[in-house]
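Asker: For reference, the sequence and a predicted model appear below.
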Amino acid sequence: MGGGDWLRHVPDGDNRERLVCPDCGFINYQNPKIVVGAVASFEDRLLLCRRAINPRKGYWTIPAGYLENHESVEHGARREASEEACADLALDGLLAVYNIPRISQVQLIYRARLENPQSVAAGDETLEVMLVGWDEIPWDDLAFPSVHWALEHWRRVADQGIFPPFGNPEGATGDY
C-alpha cells in the first residue's frame, strides 16, 4: 500500500463506497466483527464474569470476545472462557446467532458444560467470576442485551439434547 491518503469511492465491480489506496488500488474492506462465547453450566449453576475492561467495566457477562484470525469459532469460544475465567468448556451446541448491526457485530454463542468448576478464576479481563443459580443472576447488572438473551435462550433448551439456534428476540437490535 502506498503512503497517500485513502480515498472513499465505489471501486469498479462494487456497489458501495470503500476506502481505496490511490497509489496501489488496495481496497480496505471493513466488515463486521465476529464475537464468540458460551453460556457455560455446571449442574444447575451458570458461569458469569464481571468485566475488568470497557465497555461496561464492572458489569456481568458470559465468557465471550472477538474471534481471532485463523481460529475456528469453537476454539475461539473455548479460548475466551479460558482467558476470562480459567474455564475448560465442552461445547454441546450452537445456542444462538445474534446480529448487532449498530456496532457491526455478529455473535455466535454456544451452550457448554463447565469441565473444571474447581479451577474457575478471574482472568486478565475479569474482576471476578461466579457460578450462580437461575434466581441469583444479577439481571440489572448484565453488561449487554445479548447476555440477557443468551441466558434466557439457554434456559429454554437447558434440558434438550438437540435444538435449533436462536436469533435476536423479535424486534431486538441490541441497543441499550
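Answerer: Structure's in. What do you need?

Asker: only C-alpha atoms for contact and neighbour calcs from this point on.
Answerer: Will do.

Asker: tell me which strands and helices the longest strand along the chain is in contact with?
Answerer: Of all the elements of type strand in the chain, the one with the most residues (DSSP state E) is strand 89-100. The criterion is 3 or more C-alpha pairs under 8 Å, 6 or more residues apart in numbering; DSSP states H and E, and the helices and strands that strand 89-100 contacts are helix 73-85, strand 105-114, helix 145-157.

Asker: G25 is nearest to which of these?
Answerer: Closest of the helices and strands packed on strand 89-100 to G25 is strand 105-114, at 27.1 Å (criterion: C-alpha to C-alpha).

Asker: next SSE after the closest one?
Answerer: From strand 105-114 onward toward the C-terminus, using DSSP states H and E, the following helix or strand is strand 126-132.

Asker: elements contacting that following strand?
Answerer: For strand 126-132, the elements it packs on are strand 45-51, helix 73-85, judged by 3+ C-alpha pairs under 8 Å, 6+ apart.

Asker: what residues go with each domain of this protein?
Answerer: Taking automatic domain parsing as the domain assignment, the record places the domains of the chain at 1-30, 33-157.

Asker: Turn these into a markdown table, columns for mean neighbour count and mean pLDDT.
Answerer: Formatted as a markdown table, the entries for the domains of the chain read as follows, by neighbours: other C-alpha atoms under 10 Å; pLDDT from 0 to 100:
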| stretch | mean neighbour count | mean pLDDT |
| --- | --- | --- |
| domain 1-30 | 13 | 86 |
| domain 33-157 | 19 | 97 |
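
Asker: Fine by me, we can end here.
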